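Colleague: Quick one, fold the following:
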Amino acid sequence: MDDDKPLNRRSFFRDGMWEVLRPLSKPIERKIAPLERALESFGVMDQPAPPKPAPSMQPKVSLPVLRPPGALAEDKFLDTCTRCGHCVTVCPAAAIQIDEFGLRGKGAPFIDPEMMPCVVCEGLFCMRECPSGALGYLPRWLIDMGVATWNPDSCVRKYDDTCTTCIDQCPIGSDAIELRDNKIHVKENGCVGCGACQYYCPTYPKSITVIPKSQRTNPNP
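Modeller: Below is the predicted model:
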């Protein structure tokens, strides 16, 4: 009998506490049950968490860029260039860049004409001083970085035909671009693709942009 007394006492207090708390459990149950039924109707209850998306394994794509003056054909240029950065250093306009992360230009020198165009300087230092031969020397009129293309639909001239900014800023002049029949006319055989017209164009997006040599159908060698 003595051994049963502690157990009976614990049972007594446990049952007593349950009787005291039982009325409190009813309102809680009444509130929770409808919520559970609503969640079940929407398929929320007992649904596993969605798996986290796997990180993308797609390689980063390097968009086409302008290469400095005298650059070899794209594949040969990339194979020949040592990424030494000498052309970046000697460029008087600070137009040539190298993206060390390789996200632009595949880690090789390039020009972004909306940041700073090539000015086709008199010294042509990048071509003269390239130690690898990736930039071969050419006279100014034979440089072929790309060719400009004009979009009349977004051009200021659609509303104000006095704008000739792209013509005025071209370092090659009328040999590359001129006003013909009140329209901007780019001379493919004269345009060197320096990007000055794109840089100074007052519209955004730009109404005149340069197509890199590597993206043209029949680029000059």
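
Colleague: The closest residue to residue 211 other than its chain neighbours and residue 188: what is the separation?
Modeller: Leaving aside its sequence neighbours, residue 211 sits nearest to residue 146 (CB to CB, 6 or more residues apart in numbering; 5.2 Å). In short, each C-beta sits where N, CA and C put it, glycine included. According to CB to CB, to the nearest Å, residue 146 stands 10 Å off from residue 188.

Colleague: The two: which has the busier surroundings?
Modeller: Counted by other CB atoms under 10 Å, residue 146 and residue 188 do not tie: residue 146 has more neighbours, with 25 against 13.

Colleague: Quick one, grab the pLDDT at the more buried one.
Modeller: pLDDT for residue 146: 97.

Colleague: circling back to that earlier point, quick check: beta-bridge partners of the residue nearest to residue 211?
Modeller: Under DSSP bridges, the beta-bridge partners of residue 146 are residue 212.

Colleague: Equivalent analysis for residue 150, please.
Modeller: residue 208.

Colleague: Confirm for me that residue 91 is in contact with residue 124.
Modeller: No - using CB atoms under 8 Å as the test, residue 91 is too far from residue 124 to be in contact (10.3 Å).

Colleague: The two: who's more crowded?
Modeller: residue 91 (22 against 18).

Colleague: if I pick the more buried one, what's in contact with it?
Modeller: Applying CB atoms under 8 Å, 6 or more residues apart in numbering to residue 91 gives the contacts 68, 125-126.

Colleague: Show the buried residues in those residues.
Modeller: Among these, those classed as buried by 16 or more other CB atoms under 10 Å are 68, 125-126.

Colleague: Roughly how far does the closest residue to residue 206 other than its chain neighbours sit from residue 66?
Modeller: Leaving aside its sequence neighbours, residue 206 sits nearest to residue 198 (CB to CB, 6+ apart; 5.2 Å). Applying CB to CB, the value for residue 198 to residue 66 is 10 Å.
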